[in-house]
Structure formats: C-alpha cells, structure tokens
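[1] Next comes the sequence, and after it the predicted model I'd like to discuss.
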There are 2 protein chains.
Amino acid sequence: MGEKSEQKKQFIVDTARQVFVEKGFRDVTMKDIVDACGISRGGLYLYFDSTAALFREVLEAQQMEKDDIFTGEIPEEATATDILLVFLKEQKKEILLRKNSLAVAAYEYFFANKPAKKDNLLRRRFLQAVEILTGLIEAGVESGEFICEDPQGAAQNIMFVLEGLRVCSQTMGLSESRLDSELLYLMKDLVYEEL
Amino acid sequence: MGEKSEQKKQFIVDTARQVFVEKGFRDVTMKDIVDACGISRGGLYLYFDSTAALFREVLEAQQMEKDDIFTGEIPEEATATDILLVFLKEQKKEILLRKNSLAVAAYEYFFANKPAKKDNLLRRRFLQAVEILTGLIEAGVESGEFICEDPQGAAQNIMFVLEGLRVCSQTMGLSESRLDSELLYLMKDLVYEEL
C-alpha cells in the first residue's frame, strides 16, 4: 500500500473510532462511516468490506497504542512496584473515561461474534497481559518488593478484576473512590504492610 | 391482583425470560413476547407496557431465586468455608451456563439504560452481595477459618472478579479449568495453607 493509501486508511480508522465510541458497534452502518469520513462508498470499500473488519482494525490500533505504555515510557531504574502502579493508573484512566471509550462497542462486537477461541482479540490480549504481569510480579518477588506464592494466579486475578471494573463502570456505574479502593486492594495483596 | 392474574403474569415473565435468553434485550419486541406467550397484544399490555418493564421483572424474579440460595438450603452447622464454597459453586454454575443465561440481555439492557445510580438493580444487587460476603468473611475470621485483614475489601474483590469472569465468559470464552483456577485463587487468598 502506498503512503497516501496508508494515510487514508489511517484517517478512516481514526474517524471510525469516534463513531464506534459514540454509537457502539451494532448501530453503526457503513453509511455512518462514509458520512463521518466525507468519502465515497467505493472509497471506503477499497479498504474495508464491513463494519466488523473496520472495528477489528480500530481495536488493533488501540492495542498497539497500549503496548507502547509497556515498552516506551518506562525508565530503566523503575522498580516492579513503579511499573505496576503505572499500569494500574493507566487502567484506571481508561475505566473512568467511560464516555469516550470503545468498551461498549467492544462488548457489543464480541457478544455478537461469539467467542471464536482462535484469533479472539480480547482473549489474545488478556493472555498477553497475564503473561506480562506474571513476569512483572516475578521480578518484584525476586527484588523483594512483592510477596506472592503464585505470580501467575495473581496476574490472572488482576486481569479478571480489571474486566469486572470495566464492565461494572458501564452497567452500574463506578465511583472513583470505589475504583481506587479496589486497585489499592490489589496492590496491598502483593506488598502487604508496605502500602 | 387476583390469583388468576398473578398466574398469568408469572406465565408471561417465565416465557419472556426464555425469549431474552435467546435474543438478548435489544432485539426483543413486544410482538416477540405476544407470539411466545400466545396471548393478545392487549393481554400483554395489561401487565407490562414495555420490554424494559418486563425485563426488569424477569431480573427481579431471578434475583429472588438467587436469594433463596443464601437463606434456604444452608444447614445450621455449615461453616463459613462451606457457605463460601456453596456460593462460589453457584456462581460457577451460572457462569458456565453461558448459553442459557440472561447475562448478555442484562448487559444490553444496562448499556442502553445507562447507570442510573438510584434504583439500578445491578448496583443494588452488587452492594447487597458485598455486604453478605463481608459478614460471611468476618464470621470466618472469627471462627479461625479465614485470615483476612480487610473483609469488606476482600468481599468487594470477590464480586469484581465474578463480574470479570461473567463478562469474559461471554466475550472471549472461559474454560472450566481457568474458571476453577481463579475461584481457587480467591479461596486460597482467604484460607492460605489450608487448601
């Protein structure tokens, strides 16, 4: 794909993202995307043949941004605790961004496209995060920061809690203080007296 | 309401439940309910004026069945550990019942009817469960079964994990073994070496 095409594709993905944030997944039609982008129908179909294909691309793009958090900004001297705190803070920000979030669209998409175990983006992402967190907790145990007999279990626990917080914030509402108290509980579980 | 009317209302609620299980919330019309019940449109509107009102009644009915678990079947000599295990086993059963579950319909309903903090059934149910679990964990601490410095935090943690498990089972799929390992992790967190 030429540079200009890449730019146009990127523009479509960015614009579509906002449409999905506002309308969820199920109510969005290709016409909505055409209108929001101000392009022709043919111009859109050149890149994407369905809202599902487009939505997957939006999710992938968001995932890449998130991966940058783990690889980009962390100073070398950061401790495991520092990194875990940065991670939880990012999660908190995302969960509180209830209104500018892809979360509802993602739920709608995955409810409609029932768990295909292979190539289920959420699943891949979840397992990846569990793996990264496991390594982080192991590093923290080694450095004496964390006390944890089952780093993988703890990592999985954190990820299920985060999923629970995310969905609760969309269904029953979640105050910042309740969110904070839960994230603090997760940290305390690892560091005991120190927090 | 006379006994016959009560029976008819109950019949509508039971029948509607199955429709919501199969189609979720958003795709269900009053006509679907009329067809499934084999009653007249007027007959349905006598009891419910919208699918939302009907769905709330279905959720309430389900909640009452669940409350029975906590009040009905527990033998007096049951320990806190016994009761917690019964509770987690019930949750497990419900989470694995992915296909015969109201979960997707409930998510759709609450996504569409954004968190009204007052009178949000999910919220009320969540806080109630946290309260019951807190009491249970406190009882377990008192009897020496559990080690826990923050029973309310632990109770809230369990409820967020359960929400996470529930939504993950619908979006990315959840194997019984992963579910078991997470529930075991929750128990271990309370009882340490004993399990």
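    On my side now, so go ahead.
[2] Run through chain A and note the low-pLDDT ranges.
    A:67-74, A:114-118, A:192-195 (pLDDT under 70).
[3] Residues of it that sit close to chain B?
    For chain A, the residues in contact with chain B (CB under 8 Å from any CB of the partner chain) are A:24, A:26, A:104, A:106-108, A:110-111, A:115, A:117, A:120, A:122-123, A:126, A:150, A:153-154, A:156-157, A:159-168, A:170-173, A:178, A:181-182, A:185-186, A:188-189. All C-beta atoms are positioned from the backbone trio N, CA, C, and that covers glycine.
[4] distance of the residue nearest to residue A:91 when sequence neighbours are not counted from residue A:96?
    Using CB to CB, 6 or more residues apart in numbering or on different chains and skipping residues adjacent in sequence, the residue nearest residue A:91 is residue A:162, 5.5 Å away. Per CB to CB, to the nearest Å, residue A:162 is found 13 Å from residue A:96.
[5] how does chain A divide into domains?
    For chain A, the structural domains run A:1-57, A:74-194, going by automatic domain parsing.
[6] Would you format those as a markdown table with mean neighbour count included?
    Conversion of the domains of chain A to a markdown table gives the following (neighbours: other CB atoms under 10 Å in any protein chain shown):
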| stretch | mean neighbour count |
| --- | --- |
| domain A:1-57 | 15 |
| domain A:74-194 | 17 |
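[7] now the ones you listed in CSV, with distance to residue B:57?
    CSV is the format used below for these (distance: least, CB to CB, whole Å):
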stretch, distance to residue B:57
domain A:1-57, 25
domain A:74-194, 18
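[8] Tell me which of those lies nearest to residue B:85.
    When the domains of chain A are compared by CB to CB, domain A:74-194 sits nearest residue B:85, at 18.0 Å.
[9] ok, which stretches of chain A are helices?
    Assigned by DSSP state H, the helices in chain A fall at A:3-23, A:30-37, A:41-45, A:51-71, A:80-96, A:103-112, A:121-142, A:151-171, A:176-191.
[10] residues contacting the closest residue to residue A:174 other than its chain neighbours?
    Take residue A:174 and drop its neighbours on the chain: the residue closest to it by CB to CB, 6+ apart is residue A:168, 5.2 Å away. By CB atoms under 8 Å, 6 or more residues apart in numbering or on different chains, the contact set of residue A:168 is A:174, B:122, B:126, B:160, B:163.
[11] Quick one: residues contacting the residue nearest to residue A:91.
    Counting by CB under 8 Å, 6+ apart, residue A:162 has contacts A:91, A:95, B:164.
[12] same check, this time on residue A:137
    If you count contacts by CB under 8 Å, 6+ apart, residue A:137 has them with A:80, A:84, A:146, A:148, A:151, A:154-155, A:190.
[13] Nearest the middle, which residue of chain A would you pick?
    residue A:63 (6.1 Å; CA atoms, centre = their mean).
[14] For that residue, which residues are in contact?
    Residues in contact with residue A:63 (CB under 8 Å, 6+ apart) are A:121, A:125.
[15] What of residue A:180?
    Residue A:180 is in contact with residue A:92, counting by CB under 8 Å, 6+ apart.
[16] Can you give me the distance of it to chain B?
    In this view, residue A:180 and chain B are 12 Å apart by CB to the nearest CB, to the nearest Å.
[17] What residues does the nearest residue to residue A:61 once chain neighbours are set aside make contact with?
    Nearest non-adjacent residue to residue A:61, counting by CB to CB, 6+ apart: residue A:13, 5.6 Å away. For residue A:13, the contact set (CB under 8 Å, 6+ apart) comprises A:54, A:57-58, A:61.
[18] I'd like to know how far residue A:13 sits from chain B.
    Taken as CB to the nearest CB, the spacing of residue A:13 relative to chain B amounts to 22 Å.
[19] how far away is that residue from residue A:99?
    Distance, residue A:13 to residue A:99, using CB to CB: 21 Å.
[20] do the same with residue A:38
    Using CB to CB, residue A:38 is found at 24 Å from residue A:99.
[21] Same check on residue A:91?
    Distance, residue A:91 to residue A:99, by CB to CB: 17 Å.
[22] ditto for residue A:54
    According to CB to CB, residue A:54 and residue A:99 sit 21 Å apart.
[23] just residue A:181 next, same as before
    Residue A:181 sits 22 Å away from residue A:99, going by CB to CB.
[24] Just give me how far stretch A:36-43 sits from the chain centre.
    How far stretch A:36-43 lies from its chain's middle: 28 Å, per CA atoms, centre = their mean, to the nearest Å.
[25] Output it as CSV, nothing but the C-alphas.
    C-alpha atoms of stretch A:36-43 as CSV (Å, rounded to 0.1, in the frame of the first residue of the first chain):
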residue,chain,number,x,y,z
ALA,A,36,-18.3,10.8,9.0
CYS,A,37,-15.2,10.4,6.8
GLY,A,38,-16.7,12.5,3.9
ILE,A,39,-15.6,9.9,1.4
SER,A,40,-17.4,7.9,-1.2
ARG,A,41,-18.8,4.5,-0.5
GLY,A,42,-16.4,3.0,-3.1
GLY,A,43,-13.6,4.8,-1.4
